[in-house]
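Engineer: Sequence first, then the predicted structure, then my questions.
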Amino acid sequence: MDTYDWLLFLHVTGAFLVLGGAVMAGIFNFAALQRERPSEIAVLFRLARVAVIAIGAGMVLTLGFGLWLVHQVGYGWGQTWIVLALVLWVLANALGGIGGGREKRTRQLAERLASEGDAPSQELSARLRDPVWLALSWGSGIVIVAILALMIWKPGA
């Protein structure tokens with residue numbers, strides 16, 4: 001295997017970590033929406049934190065090895081698909097980071113409520129169904145899929 005093959009392998013590995021982590025986080029978040037007991041919601045949100053680690057590692061790998069691939073292959077830095085992918089990469093991280101902060105506060109509320117009797121809570125239910133949090137979390141996932149589409153089809157390359 002030459003340098004290009006290794007770079008592509010590591011870049012694609014990062015993409016699988018991002019996509020797999022995003023799917024995992026989506027499944028755990030969806031499952032949390034189906035629950036009422038704070039203890040169950042807290043467990044699902046703690047599991048989603050594992051997915052966030054995979055997403056973070058994958059984002060670093062995709063960016064680092066993706067930029068190295070651009071240089072190695074000789075693509076132009078101004079090509080539309082590369083610029084769009086970088087802009088979407090930043091957007092996905094921003095949406096996920098902001099949504100993750102809101103999710104952390106919801107997890108902390110669920111943990112507190114679980115320790116105080118584990119009774120269903122209107123406040124927790126409202127946080128789980130907060131349209132801003134849902135838009136941030138699911139929007140980040142949609143942007144990740146858009147990046148993947150750009151990487152596969154490379155429009156204009």
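Structural biologist: Okay, I see it. None of the values given here were measured: they were computed from a predicted structure. Residues are numbered from 1 along each chain as shown.

Engineer: Going by neighbour count, list what's buried in the helix or strand harbouring Trp6.
Structural biologist: Using DSSP states H and E, Trp6 maps to helix 3-33. Residues 7-8, 10-11, 14-15, 17-19, 21-22, 24-26, 28-29, 31-32 are the ones in helix 3-33 that count as buried (16 or more other Cβ atoms under 10 Å). Yep, even glycine has a C-beta here, placed from its N, CA and C like the rest.

Engineer: Show the average pLDDT along it.
Structural biologist: Helix 3-33 comes out with an average pLDDT of 96.

Engineer: same check, this time on stretch 109-123
Structural biologist: According to the model, stretch 109-123 has a mean pLDDT of 96.

Engineer: Now find how far off-centre it is within its chain.
Structural biologist: On the basis of Cα atoms, centre = their mean, to the nearest Å, the separation between the geometric centre of stretch 109-123 and that of its chain is 26 Å.

Engineer: With stretch 82-97 instead?
Structural biologist: Distance of stretch 82-97 from its chain centroid, counting by Cα atoms, centre = their mean, is 11 Å.

Engineer: and what of stretch 135-153?
Structural biologist: How far stretch 135-153 lies from its chain's middle: 9 Å, per Cα atoms, centre = their mean.

Engineer: And the contacts of that stretch?
Structural biologist: 15, 18-19, 22, 25-26, 29, 66, 81, 84-85, 88-89, 91-92, 95-96, 98-99, 102-103 (Cβ atoms under 8 Å, 6 or more residues apart in numbering).

Engineer: Nice, that's everything, thank you.
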